[in-house]
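> 3D model of this:
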Amino acid sequence: MNYYWSSNFNSASALLGGAVVAGEGENTAIYYNPATISEMEKGNSFSFTSSLFTYNAHHYKNMLGDGITMYEDYLVAQPPFISYANKSKKNNKFSLAITILTKAKEDMRIYWAGSQYYNVLTNLPGDDKYNASFNYRNYYLDFWVGGAVAYELTPKLSVGASLFVSIVSLKYVYGYSTSAYSVNDTLDPEIYPQASRVAYNDYRDNLKFTDYRILFKFGVLYTTGSWRFGLNITTPTIYLFSAGKDALSSKIITNISTSQNTSLPDYEIFDSQYGSQLKTNFKLPLSVSAGFIKDFHDGNKRLYLTVEYFNRIQPYKLVTSQPDDNISNLEPDEELQNYDWLSYARGTRNFINFAIGYSCKLKKRREFLNSFRTDFSSIRNVDLGEYSNYKTLHSFNYNVLHYAAGLKFNIKKSNFIAGAQFSLAYNNHLKQVTNFTTPLEINEVDNRVLQGVLDESMSVLFWGISVYIGANLNFIQN
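Numbering: from 1, shown residues only. A predicted model of the protein is given here:
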């Protein structure tokens, strides 16, 4: 959900890295630049494409403490891309297209639990039994349905526009639990009256909703000689309505001692809201993409380039809840900064992605396609300003690089593709999510209990492989 160029539509455009704003998008033209659907031949074109699989692997070092390495991998079948386009025989300046596509899909899950012996309870001698667990899930699906129209102003200049309905579903879970108690059964209760206590800390966030939105794309295509130029503007999403809204957040701290005879006050913060009590709005930004295609050797070789600028989304409330002053026995302070406990903040930064592709025609209607593209994180180092004290959706941010290559086969007016993509990302010196390996009863640096100080020793390595198979079937009218 933090990456805008992670889409894989399993067609020739995927092997070209999406560098098709100036054309060659074929069935995906409606997405990359609606003006380019004017290039289709008279008749009907139907496309149904799907990849065999995508395999993603994440390697998290020191994420939950020094020496705790997490490895998560999963295998998914990419959703299909379906499109239909028509260019009328009577008025061949007009072209129409409709499509159903999955813009983004991800489902990251991490779970860890363990026990160890540490001297956590500072006012009791000897080691203590220390138990810890961590649970995380981030499911995000953005499903689009849309249509487009293109008009050929001159043989060299075409314009187009598209309208999409976007349905985004989010399911988010984030939580950890820690406890500690003394295993020393020889402590004198007259000297250590707290010997039998169990120190406990539990934190939970659960959130889900489905947002319905619309957005528009406006495109221009200009061709001259061996050059082709394209421009596409994508509007920010416009909120329509939401459904399935549900949020819960809780925090419990008990039996945390500051000295032999004094303890922190036990407290619980708990709030749960749903339906009309919540307002949600997952935004996508204004973006502008531009690109060109250059033909070489009578069109047998082509160079493709596309860049896209994404405008910043000013910090805002992703989730707005109803403040409730009866969610805790605490007064607003550093722990409970306000009673707006269930609201979440979000914002993105300005950045540019780019893709470069190259194609070379081979013998017997075959064509080799390959590309390199970036996929930068939209929220890396974002300053939320006035919303800095609100909850955010925890995520792992890194800039992804993709390389794709494969073959395109032409059979009469239809074509087929087969290829693969390799993705790689690495980021280090990240702040740990938790620290279960050097726990302190009270961690004043990070305002946590039963956890160690969070340092910047975490690193993330991501790699993935996608295998593509696709078909674009054309039914041309004479």
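> low-confidence stretches in the stretch 351-478 of the chain?
Counting by pLDDT under 70, the stretch 351-478 of the chain has low-confidence residues at 474-478.
> show me the contacts for Asn261.
Counting by Cβ atoms under 8 Å, 6 or more residues apart in numbering, Asn261 touches Pro193. For every residue, glycine as well, the C-beta is placed using N, CA and C.
> where does pLDDT dip in the stretch 201-350 of the chain?
331-339.
> can you give me the strands for it?
Applying DSSP state E, counting those that start in this stretch to the stretch 201-350 of the chain gives strands spanning 227-234, 238-254, 267-274, 279-280, 287-296, 301-310, 316-320, 344-346.
> nearest to Asp202, out of these?
Closest approach to Asp202 among the strands of the stretch 201-350 of the chain (Cβ to Cβ): strand 238-254, 4.7 Å.
> packing partners for the closest one?
Here strand 238-254 touches strand 198-224, strand 267-274, strand 279-280, going by 3 or more Cβ pairs under 8 Å, 6 or more residues apart in numbering; DSSP states H and E.
> now do the buried residues in the second one.
Read it as strand 267-274. For strand 267-274, a neighbour-count test (16 or more other Cβ atoms under 10 Å) marks 269, 271, 273 as buried.
> could you single out the nearest of these to Ile411?
Using Cβ to Cβ, those come closest to Ile411 at Gln273, 56.1 Å.
> quick one: that closest one and Lys245, what's the gap?
Separation of Gln273 from Lys245 (Cβ to Cβ, to the nearest Å) stands at 8 Å.
> next one: Pro236
Applying Cβ to Cβ to Pro236 and Lys245 gives a distance of 21 Å.
> and if you look at Asp298?
58 Å.
> on that earlier part again, neighbour count winner among Pro236 and Lys245?
Using other Cβ atoms under 10 Å, the more surrounded residue of Pro236 and Lys245 is Lys245, with 20 against 15.
> contact partners for the more buried one?
208-209, 274-275, 277-278, 280.
> I'd like the helices and strands packed on strand 238-254 as a markdown table, with distance to Tyr176 appended.
Putting the helices and strands packed on strand 238-254 into a markdown table (distance: least, Cβ to Cβ, whole Å) gives the following:
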| stretch | distance to Tyr176 |
| --- | --- |
| strand 198-224 | 6 |
| strand 267-274 | 15 |
| strand 279-280 | 25 |
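> output the below-cut-off pLDDT ranges for the stretch 1-150 of the chain.
8, 10, 42-43, 49-52, 78-79.
> show me where it has helices.
12-15, 29-32 (DSSP state H, counting those that start in this stretch).
> what score does the residue of the chain positioned farthest from its centre have for pLDDT?
When each C-alpha in the chain is compared with the mean C-alpha position (Cα atoms, centre = their mean), Glu190 comes out farthest, at 55.9 Å. Listed pLDDT for Glu190 reads 81.
> so which bits of the helix or strand hosting Val159 are buried?
For Val159, the enclosing helix or strand under DSSP states H and E is strand 157-182. Residues 158-162, 164, 166-182 are the ones in strand 157-182 that count as buried (16+ other Cβ under 10 Å).
> please apply the same query to stretch 101-118.
Those buried within stretch 101-118 under the rule 16+ other Cβ under 10 Å are 101-106, 110, 112, 118.
> list just the nearest of these to Lys413.
Leu101 (22.5 Å).
> quickly compare the strands of the stretch 201-350 of the chain and say which is most buried.
Burial of the strands of the stretch 201-350 of the chain is given as mean neighbour count (mean count of other Cβ atoms under 10 Å); strand 344-346 ranks first at a mean of 22.
> now do that one: distance to the chain's middle.
15 Å (Cα atoms, centre = their mean, to the nearest Å).
> quick one: strands adjacent to the next helix or strand after it?
The C-terminal neighbour of strand 344-346 among helices and strands, as given by DSSP H and E, is strand 351-361. Using DSSP bridges, the strands paired with strand 351-361 are strand 301-310 (antiparallel), strand 366-375 (antiparallel).
> identify all contacting residues around strand 351-361.
4-5, 15-20, 24, 299-310, 367-376, 378, 408.
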